[in-house]
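What follows is a predicted protein model with its sequence.
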Amino acid sequence: MPVVSAVSYLNTTPLIWGFEKTDLGRQIRLEYDLPAVCADRVRDGLSDIGILPVIEIERQGLEWLPGTGIACRGAVRSILLISKKPLGQVQSLALDSGSRTSVMLARILLAERYGSAPSCHNMPADLPTMLAAADAALVIGDPALRLDPESLRRQYEVLDLGEEWARYTGLPMIFALWAGKSDHLRAGMQELFAASCRYGLEHIDDIVASEAPARGIPLELARKYLSRHIVSELVERDYQGMREYLRLARELDTLKVAVSQGNSV
């Protein structure tokens, strides 16, 4: 029975609802953690498959299952960059330690849109602490859903990175896919994960009623988030956005290496 690492955020719930609530769950063993930890578990052989940040799939050279994942086609609401300074002047960025794809997305957008290349520091997802230590903070997942962007805009610059990506590229953004080493992605696995997702999307009201109160997220926000912001069933245009993201990520990392080597000469 394959061990499957799932993210403990609300945005993953539709993907795994069928596994949790139907006999589909008898075919896998689910474990829960932060996105970055899921990636590490697959890397270290502790899990066979995980809902992994796309940047980690690229870095680890993993295979992924088409059809389902975590994406957006505009504002995502759960990935917020909050800055005390104009975005072109950000020199330090506190990062939610649970994120990897979003970290690279923040770096890409700050570089491409605002010409800034801040130093990055991992921290727990506590906004006051993060902003006390850095010019800006990146908060993702459920902690971001517990923030009020409109109230924050009275004092800070606030970017929804899904919205910013769509404005910059005109494309969707995929954050995570089911992935693992090729020998674990056996025949029928794509259909299994798709079936769990379909069940979840058919039971959004049940998910909201069950999950939102326990997470401290207002019911209407959770419903809007899962039905309008988060995309779970993916099409070719979503993958087009992913390819563009990975292209820019490779360029940014190549540039960073080149600058580092130049400074060391």
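Good, I have the coordinates.

can you pull out the strands in the stretch 51-200 of the chain?
Under the criterion DSSP state E, counting those that start in this stretch, the stretch 51-200 of the chain carries strands at the ranges 63-72, 79-83, 92-96, 119-123, 136-140, 157-160, 173-180.

Switch these over to TSV; also include distance to Met130 and mean neighbour count.
To be clear about C-beta, it is placed using only N, CA and C from the backbone, and glycine gets the same treatment. Formatted as TSV, those follow (distance: least, CB to CB, whole Å; neighbours: other CB atoms under 10 Å):
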stretch	distance to Met130	mean neighbour count
strand 63-72	23	21
strand 79-83	8	25
strand 92-96	4	23
strand 119-123	5	13
strand 136-140	4	27
strand 157-160	13	20
strand 173-180	20	27
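
Turn those into JSON lines, columns for mean pLDDT.
Below are those laid out as JSON lines (pLDDT from 0 to 100):
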{"stretch": "strand 63-72", "mean pLDDT": "97"}
{"stretch": "strand 79-83", "mean pLDDT": "98"}
{"stretch": "strand 92-96", "mean pLDDT": "94"}
{"stretch": "strand 119-123", "mean pLDDT": "93"}
{"stretch": "strand 136-140", "mean pLDDT": "97"}
{"stretch": "strand 157-160", "mean pLDDT": "98"}
{"stretch": "strand 173-180", "mean pLDDT": "96"}
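
Just send those back as JSON lines, with distance to Ile55 too.
Shown next, in JSON lines, are the strands of the stretch 51-200 of the chain (distance: least, CB to CB, whole Å):
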{"stretch": "strand 63-72", "distance to Ile55": "12"}
{"stretch": "strand 79-83", "distance to Ile55": "13"}
{"stretch": "strand 92-96", "distance to Ile55": "13"}
{"stretch": "strand 119-123", "distance to Ile55": "14"}
{"stretch": "strand 136-140", "distance to Ile55": "13"}
{"stretch": "strand 157-160", "distance to Ile55": "19"}
{"stretch": "strand 173-180", "distance to Ile55": "9"}
